[in-house]
Structure formats: structure tokens, C-alpha cells
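Novice: Following is a predicted model, sequence given first.
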Amino acid sequence: EPEVTQTPSHQVTQMGQEVILRCVPISNHLYFYWYRQILGQKVEFLVSFYNNEISEKSEIFDDQFSVERPDGSNFTLKIRSTKLEDSAMYFCASSGQGRTEAFFGQGTRLTVV
Amino acid sequence: RKEVEQDPGPFNVPEGATVAFNCTYSNSASQSFFWYRQDCRKEPKLLMSVYSSGNEDGRFTAQLNRASQYISLLIRDSKLSDSATYLCVVNPSGTYKYIFGTGTRLKVLA
């Protein structure tokens, strides 16, 4: 069964450092997303990406965040200068044509120290 | 009003019980609706999409009431393995995002 895969599963970084979270969406999907979930809180939308550009972003997705699809399979989230409050689980998701359901990767747990 | 609202629970029910969760959404133009399940510290997993006519998948039944802007999930004959958080998810028309409720925690007791 096709699935979304994310690497790494856990990343620990020092405050102020840059991190890149990686995702391989389901191969025939066209829409890609990043979400985050702070421990004990709800899943929050960060950004959606379609046709090599950002479709929509939330107010959380400020200038320190960027997304890229560097090749035909990977989809990355970069956080330029991490803050303590960026510590969370980051989920990548993808969906197909139309308003179909989204499938989520297993997540990357980011810990900023 | 929150975009997607759920009772956080927890709902503690005995094995074999029937339990129902409701969810309300604020955007009347919302187009697609889903229930996901999330186990502790894991990713959301699709449980079922919710169609206008209502739909059933085994022990699970989902209903949509557009007039009242709510979605429901009914679980019959609860199993211990149903213990999880159930997330109501809405995709508003004209947007490229899925909006999550806070989730409802279910604990099925032996």
C-alpha cells in the first residue's frame, strides 16, 4: 500500500540552527502539505503546495519557514533559525486530484534545545 | 466560533458499547469531511470520508448534516483497540487545507 514517508523520525537541534525535514509523498499525488502538532495540542495547518508553488499558508508559516520540491519525489520543510517553540511533531501529507482525503506520514519529532 | 469544534472527552465506555461523537464546523461552504483516528504520538490515520448521504464501514457510521453544520461518528460494539483520539477534519471549499478539530478521546474499558 503506498504511503507517505518522512525522515528523520526524530531530530534534536540547538536553538538558532537550521533544520530540513524531508518527506516523500505518495507518487501519483499532486497536493502536498505540512502540519505540526505541539504536544497535547491539535494538528495545525502550516502550508499546502501544488504545481511547484505554495497554494496556501497559515500565519504560523512565517519567513523562517520555506518549502521546496527539489526533485520529482521529495518535499522538504526548512526552518531557518529554530526557536524553542518550534518543538513539535511535524507531519507531511499528500492528496490526489480533487478534494480527496489526505494521507499522513509518520511524522518527524523536532526538539529544539 | 472555532472552525471545527469537538468535545475533547474523554469518553470512557465498556467493551461492546455504542458510542457517538459529534463535530460542528463554522464554514457553511465546507465541501469535504473526514474522520481520522490518532493513536498517542502517531500520525492521523484516515478512518472514513463522510458523504452527504451518510456512510457505513463495518462498525463505523458517519453522518453529515449540512443544515446544522455538524458531522457525527457512531462506533458500535466497541473494541479495546478502538481506544484512540478521533479527529474531525474539514476541507472548506476554495481552500487548499484540511482543518482539524481538537479531537475526542475514547477509552474502551475491559
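Specialist: That came through fine. Keep in mind that this is a model prediction, so the values were computed, not measured. Residues are numbered from 1 along each chain as shown, chains lettered A, B, ... in the order given.
Novice: Please make it C-alpha for all contacts and neighbour counts, starting now.
Specialist: OK.
Novice: Give me the neighbour count for the residue lying closest to A:Gln14 once chain neighbours are set aside.
Specialist: Spatial nearest neighbour of A:Gln14, excluding adjacent residues (Cα to Cα, 6 or more residues apart in numbering or on different chains): A:Val113 at 5.0 Å. Counted with other Cα atoms under 10 Å in any protein chain shown, the neighbours of A:Val113 add up to 13.
Novice: Could you double-check that A:Val113 sits in contact with A:Val12?
Specialist: Yes: using Cα atoms under 8 Å, A:Val113 is in contact with A:Val12, at 7.3 Å.
Novice: and the closest residue to A:Phe61 other than its chain neighbours, what is it in contact with?
Specialist: Leaving out its chain neighbours, the residue that sits closest to A:Phe61 by Cα to Cα, 6+ apart is A:Leu46, at 5.5 Å. Counting by Cα atoms under 8 Å, 6 or more residues apart in numbering or on different chains, A:Leu46 touches A:Tyr33, A:Trp34, A:Tyr35, A:Arg36, A:Lys57, A:Ser58, A:Glu59, A:Ile60, A:Phe61.
Novice: can you check A:Lys42 too?
Specialist: B:Phe100, B:Gly101, B:Thr102, B:Gly103.
Novice: switch to 6 Å and redo it
Specialist: A:Lys42 makes contact with B:Thr102 under the criterion Cα atoms under 6 Å, 6 or more residues apart in numbering or on different chains.
Novice: So it versus B:Val4, what's the distance?
Specialist: Using Cα to Cα, to the nearest Å, A:Lys42 is found at 11 Å from B:Val4.
Novice: now B:Arg76
Specialist: Noted for B:Arg76: a distance of 24 Å to B:Val4, by Cα to Cα.
Novice: got it, and B:Ala20?
Specialist: Going from B:Ala20 to B:Val4 by Cα to Cα gives 17 Å.
Novice: more neighbours, these two?
Specialist: A count of neighbours by other Cα under 10 Å puts B:Val4 above the other of B:Ala20 and B:Val4, at 21 against 13.
Novice: Just the buried ones out of the contacts of A:Leu46, please.
Specialist: A:Tyr33, A:Trp34, A:Tyr35, A:Arg36, A:Lys57, A:Phe61 (16 or more other Cα atoms under 10 Å in any protein chain shown).
Novice: Grab the most central residue of chain A for me.
Specialist: Nearest to the mean C-alpha position of chain A, by Cα atoms, centre = their mean, lies A:Trp34 at 3.2 Å.
Novice: ok, the closest residue to it other than its chain neighbours - contacts?
Specialist: In space, not counting the residues next to it along the chain, A:Trp34 is nearest to A:Cys92; the distance is 4.6 Å by Cα to Cα, 6+ apart. Contacts of A:Cys92 were listed using Cα under 6 Å, 6+ apart, and they are A:Tyr33, A:Trp34, A:Phe104, A:Gly105.
Novice: In TSV, list these along with pLDDT.
Specialist: Listed next are the contacts of A:Cys92 as TSV, based on pLDDT from 0 to 100:
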residue	pLDDT
A:Tyr33	97
A:Trp34	98
A:Phe104	98
A:Gly105	98
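Novice: Can you flag which of those residues belong to strands?
Specialist: If you go by DSSP state E, those have A:Tyr33, A:Trp34, A:Phe104 in strands.
Novice: need these in JSON lines with distance to B:Ala67, can you?
Specialist: Shown next, in JSON lines, are these (distance: Cα to Cα, whole Å):
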{"residue": "A:Tyr33", "distance to B:Ala67": "30"}
{"residue": "A:Trp34", "distance to B:Ala67": "31"}
{"residue": "A:Phe104", "distance to B:Ala67": "30"}
